[in-house]
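1. quick one, what's the 3D model for this:
(chains A and B)
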Amino acid sequence: MKGMCVNIAGVELKNPVMTASGTFGSGQEFCDYTDLNRLGAVVTKGVANVPWEGNPTPRVCETASGMLNAIGLQNPGIDVFCERDIPFLKQFDTRIIVNVCGRSEQDYCEVVERLSGTDVDLLEINVSCPNVKEGGIAFGQDPKALEHITREVRRLAKQPVIMKLSPNVTDITEMAKAAEAGGADALSLINTLTGMKIDIYRRRFALANKTGGLSGPAIKPVALRMVYQAAHAVSLPVIGMGGIASAEDAIEFLMAGASAVSVGTANFADPAVTMKIVDGIETFMRAQNIRDIREITGIL
Amino acid sequence: MKKKEQCEVLRQEELLPGIMSLTIRSGSIADNARPGQFILVYSKDHAKLLGRPISLCGIDPEAGTVRLVYRVTGAGTGTEEFSAWKPGDQVLVLGPLGNGFPLEEASGRHLLLVGGGIGIPPLLETARQHVGPCTAVLGYRDSLFLQEEFDPYASVLVSTEDGSEGFHGNTVELLRAMDIQADIVFACGPIPMLKALSAWAQEKQIPCWLSLEERMACGIGACLGCVCRTKETDSHSHVKNARICKDGPVFRSTEVEL
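-> Residues are numbered from 1 along each chain as shown, chains lettered A, B, ... in the order given. Okay, here's the model as predicted:
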């Protein structure tokens, strides 16, 4: 449907539905269940300059209307990613957004430079992972550090840069403004909320990492509030995510000010959910006589 | 495209308190599944998002059915909800998933199946499909289930931790005490059992495959929640972590670090 096109920092997406980093691999495992051609973009699992082993298991557990994860950004490193994952995704008519993670500013810069010569559409910089000891969230909770790393990445990047923000802060608008000041082309939020679960019978933490990132429908109201606040605090396009499991959820985020949305944990509950959300948005638009999705973007 | 499938519950019975046997109609799963694979079964409670991985205890392509034998893991859990399902109920599942046991490796050879507790069910269909002699060593805490159903396909030896039935001790103690011989081993059960079995198989120089389990989210290899440590770097992860849901759940005992 033509009226579903959206534009993120000069890159046109056929619809506003994308996958949230870490929930979709690089698309390969999902392509038996989802036609990747139907998605606005595939956002890959975070990739670092070298392979990362991630955390010990258990890495995941379910909670009420959600789940905790502490995968620890296991990834095969940028070399394998460029050789295997980018060519795989290029077979499909969808945009490629590469999520970049690192332990130090240098790590991020190395990956961004490596990607500058590749045919990917956008970069998403993960400065918000709560599950790794170094890097990640350390950059996403301090506005000065966030502004600095945004500037460094922006200087090296050949593609538009999306900064992915953490909800584990007091004032999301301060972080959004810091990313904007550093030259970010877009924002995505929210990453997971730090949480915990205890197995009272074994008297142990449910996750080996003790804490993990909470995701799923349980966090949607928090995510929606933060997307609304961030979208009104800066003039950058915002990609909204956090507990989206249906077209109705996605439309809430669009109305709150998101230009596009990412679907994360819902992919685990139904590996075909992203296509259903695309269809559902289209059905809503027809029913409500909306010709262009942008008519409802940020109407609140 | 593959997708979640709605299936009809045909039968459900309690084999022991908290151990359920559920048969559902799914022609596509029955046609495509092999022993040692699993399916995800979804709760109808929208507050429970993730499918519960349950191994296939029986696969019947002619009837178009699969049978699951699972344990109810506690009050308020998804498996407790499943245990109340009645014939005629419609339930959502995804599968078959994972690799399954390498039956072709065992064909014509003396297969030893070693199962512990709720690890026993996937071995039943394995025994049924195996071509060649088969010994099943089944370990329980106290009460037995499914052991009689192995009789047509295997010579069955039972151990119980409390000594109430069969050999008093665990399965690997039984293997040692009775000096069991075999050409190849397939096993499923708790980690301590698999560790001890792996050491026994190594000593005896018998090739051994283990079915592992871990908390999982997607079940299709994307989320990297259910990894196990491996001795060598694998071609997918490029670190020493294999995905139990996708690369497993069955691994060569010499590949994994338990």
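2. which element is encountered next along the chain beyond the helix or strand bottoming out on mean pLDDT in chain A?
-> For chain A, using mean pLDDT, DSSP states H and E, the weakest element among its helices and strands is helix A:137-140, scoring a mean of 80. Sequence-wise, the next helix or strand downstream of helix A:137-140 (DSSP states H and E) is helix A:143-156.
3. my guess is B:V250 contacts B:A106. True?
-> No. If you go by Cβ atoms under 8 Å, B:V250 and B:A106 don't touch, sitting 11.8 Å apart. Any C-beta I mention is one placed from the backbone N, CA and C, and that applies to glycine too.
4. now the common contact residues for those two.
-> B:F186 (Cβ atoms under 8 Å, 6 or more residues apart in numbering or on different chains).
5. just the CA trace of the least confident helix or strand of chain A, in CSV.
-> Output in CSV follows, covering the C-alpha atoms of helix A:137-140 (Å, rounded to 0.1, in the frame of the first residue of the first chain):
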residue,chain,number,x,y,z
ILE,A,137,24.5,1.3,28.7
ALA,A,138,27.4,3.2,30.2
PHE,A,139,27.2,5.5,27.1
GLY,A,140,23.4,5.7,27.3
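6. if I pick A:E53, what's in contact with it?
-> A:E53 sits in contact with A:G72, A:Q74, B:V239, B:K240, B:N241, where contact means Cβ under 8 Å, 6+ apart.
7. count the neighbours of B:E203 for me.
-> When neighbours are counted by other Cβ atoms under 10 Å in any protein chain shown, B:E203 registers 9.
8. which is the next helix or strand following whichever strand or helix holds it?
-> Element membership of B:E203, judged by DSSP H and E, is helix B:191-204. Going down the chain from helix B:191-204, the next helix or strand is strand B:208-211, by DSSP H and E.
9. how about the residues of the stretch 101-250 of chain A by chain B?
-> Contact residues (Cβ under 8 Å from any Cβ of the partner chain) of the stretch 101-250 of chain A with chain B: A:G216, A:P217.
10. what segments of the stretch 101-250 of chain A are helices?
-> A:105-116, A:137-140, A:143-156, A:172-181, A:220-233, A:247-256 (DSSP state H, counting those that start in this stretch).
11. buried deepest among these, which one?
-> Greatest average neighbour count among the helices of the stretch 101-250 of chain A goes to helix A:137-140 (a mean of 23), per mean count of other Cβ atoms under 10 Å in any protein chain shown.
12. quick one: contacts of that helix?
-> Contacts of helix A:137-140 with the rest of the structure, by Cβ under 8 Å, 6+ apart, involve A:105, A:127-130, A:145-146, A:149, A:164-166, A:168-169, A:175, A:191.
13. figure out how far that helix is from the centre of its chain.
-> On the basis of Cα atoms, centre = their mean, to the nearest Å, helix A:137-140 sits 15 Å off its chain's mean C-alpha point.
14. what's the answer for stretch A:252-272, then?
-> 10 Å.
15. in that stretch, which residues are buried?
-> Residues of stretch A:252-272 classed as buried by neighbour count (16 or more other Cβ atoms under 10 Å in any protein chain shown): A:252-272.
16. quick one: end-to-end distance for it.
-> Using Cα to Cα, to the nearest Å, one end of stretch A:252-272 lies 21 Å from the other.
17. before we move on, the earlier item: so which of the buried residues of stretch A:252-272 are in strands?
-> Of the buried residues of stretch A:252-272, the ones assigned to strands by DSSP state E are A:A260, A:V261, A:S262, A:V263.
18. ok, the last one - contacts?
-> In other words, A:V263. A:V263 makes contact with A:V17, A:M18, A:T19, A:A20, A:T23, A:M241, A:I244, A:A245, A:A250, A:V273, A:T274, A:I277, according to Cβ under 8 Å, 6+ apart.
19. got any ranges where the stretch 101-250 of chain A has weak pLDDT?
-> A:133-136 (pLDDT under 70).
20. ignore what I typed, I meant chain B.
-> In chain B, no residues with pLDDT under 70.
21. contact partners for B:Q6?
-> Each residue near B:Q6 by Cβ under 8 Å, 6+ apart is listed here: B:Q90, B:V91, B:L92.
22. burial measure for the last one, as a count.
-> The number of residues packed near B:L92 is 17, by other Cβ under 10 Å.
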